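Engineer: Got a predicted structure plus its sequence, pasted below:
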Amino acid sequence: MPKTAVYPGSFDPITNGHLDIIKRGLRIFDKIIVLIGYNPDKTSLFTVDERAELIRSAVGNNPRIEVDSYSGLLVEYVRNSEACCILRGLRAMSDFEYEFQLALMNRRFDRNVETVFLMTGSKWFYCNSRIIKEAASLGGSVKGMVPDIVLQKLKEKFPSMENNNQIPR
Ligand code: ADP
């Protein structure tokens, strides 16, 4: 039986930190389903279709990676997809408390579904979608923090980024 993990998140948009977790997750799992979890009542910068398209472009054509979206209970999705695990990334201590609660809640819903955590790569410690969107909306450069295709789409949304390609030192 191939070992499949579901990697859930909002991916609004996908960052190099997410890609690092996916790449390293593939050393442990045979297949990873990148699952865009969405709440129709919440506003996002990119639509679910745009986010899925950006993830597909960023990961390239890899038969071991699937991209899907879901708005229901995560453990139900995991069960139906015959995955064994939920894959999550941990950055700072600030992630820890929330991730801990989420993992315990999911475990309460289904004891057979384990959550596996990977520590962030040191380069991506402070890389998160919210900060990237904030910086981009103010015209700040996020080059090097997101895949090139995401950078291009952010520039379309925030034209003031256009002339700022510097990688901050
Ligand atoms: P964000 O927190 O950036 O908005 P998501 O909600 O899409 O991103 O996060 C999905 C998962 O990816 C979470 O487990 C989150 O901790 C993890 N993750 C996000 N960014 C990073 C990063 N830079 N390094 C490691 N894990 C990350």
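Structural biologist: Perfect, I can see it now.

Engineer: What helices and strands are in contact with the longest helix belonging to the chain?
Structural biologist: The longest helix of the chain (DSSP state H) is helix 93-109. If you count contacts as 3 or more C-beta pairs under 8 Å, 6 or more residues apart in numbering; DSSP states H and E, helix 93-109 packs onto helix 74-80, strand 85-90, strand 114-119. Every C-beta, even on glycine, is put in place using the N, C-alpha and C of the backbone.

Engineer: Nearest to the ligand, out of the ones you listed?
Structural biologist: The closest of these to the ligand is strand 85-90. By C-beta to the nearest ligand atom, the value is 2.1 Å.

Engineer: Could you write out the alpha-carbon coordinates of that closest one in CSV?
Structural biologist: Extracted in CSV, the C-alpha atoms of strand 85-90 (Å, rounded to 0.1, in the frame of the first residue of the first chain):
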residue,chain,number,x,y,z
CYS,A,85,-1.3,11.0,7.8
ILE,A,86,-1.7,14.7,7.9
LEU,A,87,1.5,16.5,7.1
ARG,A,88,2.1,20.0,8.7
GLY,A,89,5.0,22.3,9.0
LEU,A,90,6.2,24.1,12.1
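
Engineer: Pull out the buried positions in that strand.
Structural biologist: Cys85, Ile86, Leu87, Arg88, Gly89 (16 or more other C-beta atoms under 10 Å).
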